[in-house]
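Visitor: return a 3D structure for these sequence lines:
(one chain, ligands or ions: 1)
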Amino acid sequence: MTDIERFKENSKNKIIHGDCLEEMNKIPDNSIDLIFADPPYWMRVEGALYRPSGKEFDGCDDHWDNQFNDLGDYETFTRAWLSECKRILSPRGSFWVIGGMQCIYTIGAIMQEIGFWIINDVIWHKKNPTPNFMGTRINNAHETLIWAVKDKKSSYTFNYKTGKELNTDTVSLEDYKKGVRKQLGSVWKIAVCQGEERLKDENGNKLHSTQKPEELLYRIIAINSKIGDLVFDPFGGTMTTATVAKKMGRDFLTIEMDQKYCEYGAKRVANAQIKIGEIEKASFDTRMPRVSMNEMIEAKYFTIGEKFYFKNTDKYIILESDNKVIYDGNQTDMHSAAALVSGRKANRLNGWEYWYVVRNNNFVSINDIRHKYIKDMGLA
Ligand SMILES: C[S@@+](CC[C@H](N)C(=O)[O-])C[C@H]1O[C@@H](n2cnc3c(N)ncnc32)[C@H](O)[C@@H]1O
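Guide: All right, here's what the predicted structure looks like:
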């Protein structure tokens, strides 16, 4: 067992009650597979805010968010915890941080200064943002996430196809049901944490002012980690990260300085049920065993002479043999034909993702049939 493996074994699935700056010191270099950080935003809220009804708005004016005297103070704190995150992050790992307009520019600037390599920034577009009660500015309906890796040379886990499965932002529900998938984009439409998911204290009030929605963490953990990876959160709060990590079959380690949040969060994690499906396994990104069209024809999964229809059109090719098809009277292969029919500037596209056959009056992706063959034959 290496030192890192020993550390992971000894510290997995723990909630540490303490200051993250002191506690991160104890974590070895390069040992964490995925970090999600939701730090104090330093919102600088002054005075009470009221809804138009006159009821006071329960915003974020907590001590942990207001603990900074000035920008220099906030920068020192930010530089300290970001540097620790960079040190403990595995070269194959990913680092995510979330922030509002109050802090994300400071965080992003320091990240670049200390050598993080930024992969993307993501807009969390809130489906149900808090209105601007006073009507003094436009409604602030988003927060920003930054996804970065240890440095430019990092070869990080990225479940690209799993990301496509999660993209319901630019694909309508109707199209999604028909099998349409598009690249996951950088604007994520997710509701603010509400309803049953929102933790309440002993008086039935909101436990934490900035509890994040599980869906946000679900996406991040799904695209940037594997089952059994160690997910770390230095600012645990209600333990959203730990809860989602557990549900998805990952290990977690988290730090939170408030005892009450630790206690409620620990119960939340204990109640979380593990549920492993194709997204959690990142099956879409798993390399499939190679099978030939011929063997699937022999096993009667496809038939010579049948039509393969291009996604959402009436254009088709005719299957002629193992890797030959006819398009518009000419012999070609299904990958070249896919490029031709798509009109895109490419000589070949992955035909498995574009062609559909008719089964029981429905269009079925030939890729789904290939998956079924592999499963039926016990090859995966
Ligand atoms: C923005 S909240 C995180 C909310 C969390 N993502 C959730 O979904 O519940 C930040 C949390 O960091 C904690 N915190 C602030 N400074 C800290 C520090 N130095 N060490 C550990 N925790 C800290 C606060 O108590 C607060 O719960």
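Visitor: drop to CA atoms for contacts and neighbour counts, all remaining ones
Guide: Fine.
Visitor: what about A109, which helix or strand?
Guide: Assigned by DSSP states H and E, A109 belongs to helix 104-113.
Visitor: now do that helix: everything it contacts.
Guide: E75, T78, R79, L82, I98, I118, T144, I146 (C-alpha atoms under 8 Å, 6 or more residues apart in numbering).
Visitor: how about 10 Å then?
Guide: 39, 41, 71, 74-76, 78-80, 82-83, 86, 97-99, 116-118, 121, 143-146, 148, 151 (C-alpha atoms under 10 Å, 6 or more residues apart in numbering).
Visitor: I'd like to know how many residues surround the residue nearest to C103 when sequence neighbours are not counted.
Guide: Leaving aside its chain neighbours, C103 sits nearest to Y41 (5.5 Å; criterion: C-alpha to C-alpha, 6 or more residues apart in numbering). For Y41, the number of neighbouring residues by other C-alpha atoms under 10 Å comes to 20.
Visitor: what subset of the contacts of helix 104-113 is buried?
Guide: 39, 41, 74-75, 78-79, 82-83, 86, 97-99, 116-118, 121, 144-146, 148, 151 (16 or more other C-alpha atoms under 10 Å).
Visitor: hmm, I35 and G236 touching each other?
Guide: No: taking contacts as C-alpha atoms under 10 Å, G236 lies outside contact range of I35: 11.3 Å.
Visitor: mutual contacts of those two, please.
Guide: L253, T254.
Visitor: rewinding a little: next one: the helix holding A109 to chain centre, how far?
Guide: 21 Å (C-alpha atoms, centre = their mean, to the nearest Å).
Visitor: identify the residues contacting the following helix or strand past that helix?
Guide: Downstream of helix 104-113, the next assigned helix or strand under DSSP H and E is strand 117-126. Identification of contacts with strand 117-126 by C-alpha under 10 Å, 6+ apart yields 94-98, 108, 111-112, 140-154, 185-193, 216.
Visitor: so strand 117-126, near the ligand or not?
Guide: No: figure legend: strand 117-126 not in contact with the ligand (C-alpha under 6 Å from any ligand atom); closest approach 14.0 Å.
Visitor: what are the buried residues along that strand?
Guide: Quick answer for strand 117-126 (16+ other C-alpha under 10 Å): W117, I118, D121, V122, I123, W124, H125, K126.
Visitor: which of the residues you listed sit farthest apart?
Guide: Comparing all pairs in those by C-alpha to C-alpha, the longest separation belongs to W117 and K126, at 26.5 Å.
Visitor: residues of the chain that sit close to the ligand?
Guide: 18-21, 38-40, 64, 210-212, 235-240, 255-258.
Visitor: buried subset of those residues?
Guide: Applying 16+ other C-alpha under 10 Å to the residues of the chain next to the ligand flags 18, 20-21, 38-40, 210-212, 235-240, 255-258 as buried.
Visitor: returning to what we had before: please narrow the buried ones among the contacts of helix 104-113 to those residing in strands.
Guide: Among those, the members found in strands (DSSP state E) are V97, I98, G99, W117, I118, D121, T144, L145, I146, A148.
Visitor: right, I'll call it a day here.
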